[in-house]
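In: Please work out how this folds:
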Amino acid sequence: MTRANRPALPVAFADDPDFATWAAGHGVIQHDAVTIERIAQLLTRHAAEPARRRAWLRRLAAADRLACMGMWLVAHMTYARRVRMDGEPLTAEDFKPTPEGHTGGALNMVPAYVGYLAANAMSDLTRSWLMGQGHCVAAV
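Out: Below you'll find the predicted structure:
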């Protein structure tokens with residue numbers, strides 16, 4: 001989603017830099033108009049005071065970054081023998097001859113698990129999460 005195509009911020013949050021930062025997404029994480037409106041409603045209902053709203057928005061923005069990085073790592077675990085954290089390009093020898101892993105399931109589980117962590121942090125309530133070893137374990 002290009003900057004020009006991004007949905008407008010709700011009027012109540014138009015001047016909030018933390019809301020704008022979260023709404024912009026991160027990497028492959030993009031937020032559509034419905035998501036932006038629902039988060040605005042959630043914040044209005046549960047985090048009206050500025051310090052709490054700021055904390056929630058920073059957690060949501062951090063969740064976007066964590067999910068983006070997690071999905072990046074899942075893709076690399078599938079195709080590459082190693083990960084280059086310094087940004088250096090991979091060489092042909094860095095790639096597996098045969099991709100391995102259950103990438104599709106793990107790519108779905110990364111944002112689900114990050115969402116679970118964010119919900120716990122924002123609500124001060126620890127929910128249970130049980131996931132057996134198997135197709136999506138790389139996500140965790």
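In: For the protein, which segments are assigned as helices?
Out: Here the chain has its helices, by DSSP state H, at 17-23, 33-46, 50-79, 103-123.
In: lowest average confidence, helix or strand, in this protein?
Out: For the chain, using mean pLDDT, DSSP states H and E, the weakest element among its helices and strands is helix 103-123, scoring a mean of 89.
In: if we can go back for a sec, could I get the helices of the chain as TSV with distance to T91 and mean neighbour count?
Out: In this view, the C-beta of every residue, glycine as well, is placed from N, C-alpha and C. Supplementary listing: the helices of the chain in TSV, determined by distance: least, CB to CB, whole Å; neighbours: other CB atoms under 10 Å:
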stretch	distance to T91	mean neighbour count
helix 17-23	36	18
helix 33-46	39	14
helix 50-79	13	17
helix 103-123	22	17
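In: Distance to L130 for these - can I get that in a markdown table?
Out: Formatted as a markdown table, these follow (distance: least, CB to CB, whole Å):
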| stretch | distance to L130 |
| --- | --- |
| helix 17-23 | 29 |
| helix 33-46 | 26 |
| helix 50-79 | 19 |
| helix 103-123 | 11 |
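In: now for these, which one comes closest to E93?
Out: helix 50-79 (12.9 Å; CB to CB).
In: one step back: export the least confident helix or strand of the chain to PDB, keeping only CA atoms.
Out: Backbone C-alpha positions of helix 103-123 (Å, rounded to 0.1, in the frame of the first residue of the first chain) are rendered in PDB as follows:
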ATOM      1  CA  THR A 103       5.900 -22.200   5.500                       C
ATOM      2  CA  GLY A 104       2.200 -21.500   4.900                       C
ATOM      3  CA  GLY A 105       1.100 -22.600   8.300                       C
ATOM      4  CA  ALA A 106       4.000 -20.900  10.000                       C
ATOM      5  CA  LEU A 107       3.300 -17.600   8.200                       C
ATOM      6  CA  ASN A 108      -0.200 -17.700   9.500                       C
ATOM      7  CA  MET A 109       0.800 -18.500  13.000                       C
ATOM      8  CA  VAL A 110       3.400 -15.700  13.400                       C
ATOM      9  CA  PRO A 111       0.800 -12.900  13.400                       C
ATOM     10  CA  ALA A 112      -1.600 -15.000  15.400                       C
ATOM     11  CA  TYR A 113       1.000 -15.600  18.100                       C
ATOM     12  CA  VAL A 114       2.100 -12.000  18.100                       C
ATOM     13  CA  GLY A 115      -1.600 -11.000  18.400                       C
ATOM     14  CA  TYR A 116      -1.900 -13.300  21.400                       C
ATOM     15  CA  LEU A 117       1.100 -11.700  23.100                       C
ATOM     16  CA  ALA A 118      -0.200  -8.200  22.300                       C
ATOM     17  CA  ALA A 119      -3.600  -8.900  23.700                       C
ATOM     18  CA  ASN A 120      -2.100 -10.300  26.900                       C
ATOM     19  CA  ALA A 121       0.100  -7.200  27.300                       C
ATOM     20  CA  MET A 122      -2.700  -4.700  26.500                       C
ATOM     21  CA  SER A 123      -5.300  -6.300  28.800                       C
END
